[in-house]
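S.K.: predicted model and sequence below, questions to follow.
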Amino acid sequence: MRVTVSVIKADIGAIGGHTVPSPEVMAIARERVGDAMASLLIDSFVCHTGDDIAFIMTHTHGVEDSRVHQLAWDTFLACTEKAKSQGLYGAGQDLLKDAFSGNVRGMGPGSAEMEFDERPNEALMILLGDKCGPGAFNLPLYLSFADPMYSPGLLISEGLHDGFSFHIMDMDHPEGDRVVVLDAPERLYDIAALLRDTNRYAIRSIWSRKYPNEQAATVGTERLRNIAGKYVGKDDPPAVVRTQKIFPATEEFGPPFAIGAFVGGDTRGSHNLPFMPVPMNTAASTYFCIPMVSALGFSVHDGRLSGPSDLFADPFWYHVRERAAAKAIDMRRQGFFEPAMLPYSELEYGGIVTRLSRLEKEFTVKTAAGVVGDGDGIKQPAKKQK
C-alpha cells in the first residue's frame, strides 16, 4: 500500500510564556484532527514538544495535499482562537499569513511529509524539535546514515552497504532555497563541510542508494525569519525517518542524539545550547528554553499507526539529560560571549541588531593623517594639506 505520512506542527500559544499548550487547546486539536479520520485521514496522533503542537497524520493523498494542509491550518486557527480567549502567550505566533494558499509551506507552521510503499513491517520514527533551527538534525542524521562508528549497520547489513544520498538545502541563499545531492560515502567530506554549518545548511531528505526509490528521511527546513522578514521564534523542525531493514535500526539513532550536540536556539533564539532528548509532551524548560527533541516510534500497516513508543522516555535517557543539563549550565555561564551567544549574523532579535547599528556610527578610523568623519559612521583619513 502506498501511504503518506504528514507531520505538521506549530506554536500557537502557551501557558505563562513559551512553556506548554493548554489542555483545552490540545483537546481542540485532537478533536478536529480525529474527526477527519472519518473521511480524509486513515489515522492520526496529536502531541506536543515544548509549546509546539504536532499533527501526525497518515493518508493516501500524497505530499502537500491541499485538503490535508487545510485541515492542519484550520485546526491551528481554531486552537489560536482558544489560546487568545485564555490569554496564552504568543497566541497564533507561527501563523504568519492571513489566507490559506493551498499548503502550509511558507505560511509559518513546520512540515515534514513522506510518501512511500509500505513494507510488511513498516517502522518509522517521528522527530519533533523545539527551540532550535532546522539544522539541528544535521549531526544525528549524518552519524546515523553515514558513520559506522555510530551506525554499525553500515558495515554489517547488506541493505545499507551502498550508503545513502543526502539532499542538502542552502536555506539562506539570496536567490532562494537551493538543494545539492551528495552521495555517501564517496562525498562524505563534502557532506560534512556543509552540514557543520547548521545555520545555513540543513538536510532536506535522505534516500537509499541500493534502492533508489526508497526514501529514508525527510526534514522540515522552513525558516520563519525568511517568511516573516523578522525574528518571530525558532523554526522547531519536524522530521520523518524510516528505520530497520534497508535503513539504520531504531536503536542506531539513539547514540547520536545522546551526544547532546550544541545547536542554535533557546531563549530569544540567541545562544548555543545542547540538544536535549526528552519524552513526548514535555514542557519547554525554564532553563533558557534549552533546545529539545522528542522521538516517537510507530509501526504502520495499511496506513494505521501502532504506537507511539516514546523513544526518549526509557531510564537510559535520564543520564543523557543530566549530562546535557550540565553542558547547558557550563555554556550559559559564559553569558553573552561567543560561542555561547550566536554570531552577529544569527542574532535575530531586533534589539541587539539596532544597538550594533547605532554603535557603527560612532566608529572612527585613526591614521597618522588624522580622523575625519564621512557622515555615515565609518570615518575616513584626513587629506594631507599641500
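M.R.: Sure thing, it's come through.

S.K.: tell me, how many residues neighbour the nearest residue to Val320 once chain neighbours are set aside?
M.R.: Nearest residue to Val320, sequence neighbours excluded (CB to CB, 6 or more residues apart in numbering): Ala258, at 4.8 Å. C-betas here are computed from N, CA, C, even on glycine. If you count neighbours by other CB atoms under 10 Å, Ala258 ends up with 19.

S.K.: Gly133 now?
M.R.: 28.

S.K.: one more: Gly129?
M.R.: Gly129 has 29 neighbouring residues, counting by other CB under 10 Å.

S.K.: now do the strand or helix carrying it: which elements does it pack against?
M.R.: Per DSSP states H and E, Gly129 falls inside strand 122-130. Strand 122-130 makes packing contacts with strand 2-10, strand 43-49, strand 52-59, strand 238-243, strand 292-301 when contacts are defined by 3 or more CB pairs under 8 Å, 6 or more residues apart in numbering; DSSP states H and E.

S.K.: put together CSV for those strands, with mean pLDDT and mean neighbour count on each row.
M.R.: Listed next are the helices and strands packed on strand 122-130 as CSV, based on pLDDT from 0 to 100; neighbours: other CB atoms under 10 Å:
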stretch, mean pLDDT, mean neighbour count
strand 2-10, 97, 24
strand 43-49, 97, 22
strand 52-59, 97, 26
strand 238-243, 97, 26
strand 292-301, 97, 23
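
S.K.: which one of these lies closest to Ala91?
M.R.: Judged by CB to CB, the one of these that comes nearest to Ala91 is strand 2-10, at 11.4 Å.

S.K.: and the angle for that closest one with strand 43-49?
M.R.: Here strand 2-10 runs at an angle of 30 degrees relative to strand 43-49 (axes from the mean of the first three to the mean of the last three CA atoms, to 10 degrees).

S.K.: show me where the stretch 1-150 of the chain has its helices.
M.R.: Ranges of helices within the stretch 1-150 of the chain are 23-35, 66-85, 138-146, based on DSSP state H, counting those that start in this stretch.

S.K.: would you list those helices in TSV and tack on distance to Leu41 and mean neighbour count?
M.R.: Output for the helices of the stretch 1-150 of the chain, formatted as TSV (distance: least, CB to CB, whole Å; neighbours: other CB atoms under 10 Å):
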stretch	distance to Leu41	mean neighbour count
helix 23-35	7	17
helix 66-85	7	20
helix 138-146	27	25
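
S.K.: and of the ones you listed, who's closest to Gly264?
M.R.: helix 138-146 (11.4 Å).

S.K.: returning to that earlier point: could the helices and strands packed on strand 122-130 be laid out in TSV, adding distance to Pro274?
M.R.: As requested, these are exported to TSV (distance: least, CB to CB, whole Å):
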stretch	distance to Pro274
strand 2-10	22
strand 43-49	16
strand 52-59	19
strand 238-243	18
strand 292-301	10
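
S.K.: between those, which one is closest to Ser144.
M.R.: Closest to Ser144 of these, according to CB to CB: strand 238-243, at 8.2 Å.

S.K.: so where do the strands sit in the stretch 251-386 of the chain?
M.R.: 262-265, 271-274, 276-277, 292-301, 304-310, 371-373, 379-381 (DSSP state E, counting those that start in this stretch).

S.K.: among the ones you listed, which is nearest Ala54?
M.R.: That would be, of the strands of the stretch 251-386 of the chain and by CB to CB, strand 292-301, which comes in at 8.9 Å.

S.K.: please, which helix or strand holds Arg204?
M.R.: Using DSSP H and E, Arg204 sits in strand 201-208.

S.K.: re the thing from before, quick one, the strand holding Gly129 and strand 52-59 angle?
M.R.: Angle, strand 122-130 to strand 52-59, by the same axes, to 10 degrees: 160 degrees.

S.K.: contact partners of strand 122-130?
M.R.: Under the contact criterion CB atoms under 8 Å, 6 or more residues apart in numbering, strand 122-130 has outside partners 5, 7, 9, 47, 49-52, 54, 56, 136-137, 234, 236-244, 250, 253, 275, 280, 284, 291-301, 308, 311.
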